[in-house]
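Colleague: sequence and predicted structure are below.
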Amino acid sequence: QVPLVESGGGLVQAGGSLRLSCAASGRTFSDSAMGWFRQAPGKEREFVAGISRFGDITTHADSVKGRFTVSRDNAKNTLYLQMNNLKPEDTAVYYCASRGPYEGINYSPEGYVYWGQGTQVTVSS
């Protein structure tokens, strides 16, 4: 088991910003590509953003491109998601997830081995 702990969620007005963090422990953080997913009530879990092992490659879902930015600090074993210009449709539980060692970014939840417990993001209109 590889603990991943998200933080930084909360309630924000439309147009506001939040920064999510995901702290990893128990392994070499830089061995794995990481991803952010979200799940709204009644909907499937969807890919938000992914980042390669050393942060040189990032990808974002079209729905968040230009507003959200994924990054990582391997020295701090931490993954981030900067979310700007938030919209009510961004309301969801946000999860960080880890790929297996030396695997690349994957857009499907099934491609991830370890998951955090999730953090709620609520955007009011």
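Modeller: Looks like it arrived, so ask away.

Colleague: if the spatially most central residue of the chain is in a bridge, with which residues?
Modeller: Nearest residue to the geometric centre of the chain (CA atoms, centre = their mean): Trp36, 2.3 Å. Beta-bridge pairing of Trp36, defined through DSSP bridges, involves Ala49, Cys96.

Colleague: that one reaches Val93, doesn't it?
Modeller: No. Using CB atoms under 8 Å, Trp36 is not in contact with Val93, being 11.3 Å away. C-beta here means a position set from N, CA and C on the backbone, and glycine is covered the same way.

Colleague: just the helices from this protein, written as ranges.
Modeller: Taking DSSP state H, the chain contains no helices at all.

Colleague: report the contact partners of the residue nearest to the centre of the chain.
Modeller: By CB atoms under 8 Å, 6 or more residues apart in numbering, the contact set of Trp36 is 20, 22, 47-50, 70, 79, 81, 94-97.

Colleague: quick check, nearest of these to Asn106?
Modeller: Gly50 (7.2 Å; CB to CB).

Colleague: burial count for that closest one?
Modeller: Using other CB atoms under 10 Å, Gly50 has 24 neighbouring residues.

Colleague: swap in the one 4 residues further on?
Modeller: When neighbours are counted by other CB under 10 Å, Phe54 registers 10.

Colleague: and for the one 5 residues further on?
Modeller: Thr59 is flanked by 15 other residues according to other CB under 10 Å.

Colleague: which stretches of the chain have low pLDDT?
Modeller: The model of the chain has pLDDT under 70 over residues 1-2.

Colleague: cutoff 90 now
Modeller: The model of the chain has pLDDT under 90 over residues 1-3, 25-28.

Colleague: how far away is the residue nearest to the centre of the chain from Tyr94?
Modeller: 6 Å (CB to CB, to the nearest Å).

Colleague: what touches both of the two?
Modeller: With CB under 8 Å, 6+ apart, Trp36 and Tyr94 have common neighbours Leu20, Val48, Leu81.

Colleague: TSV for these, including neighbour count and distance to Ala40?
Modeller: Formatted as TSV, the shared contacts of Trp36 and Tyr94 follow (neighbours: other CB atoms under 10 Å; distance: CB to CB, whole Å):
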residue	neighbour count	distance to Ala40
Leu20	24	16
Val48	24	12
Leu81	26	16
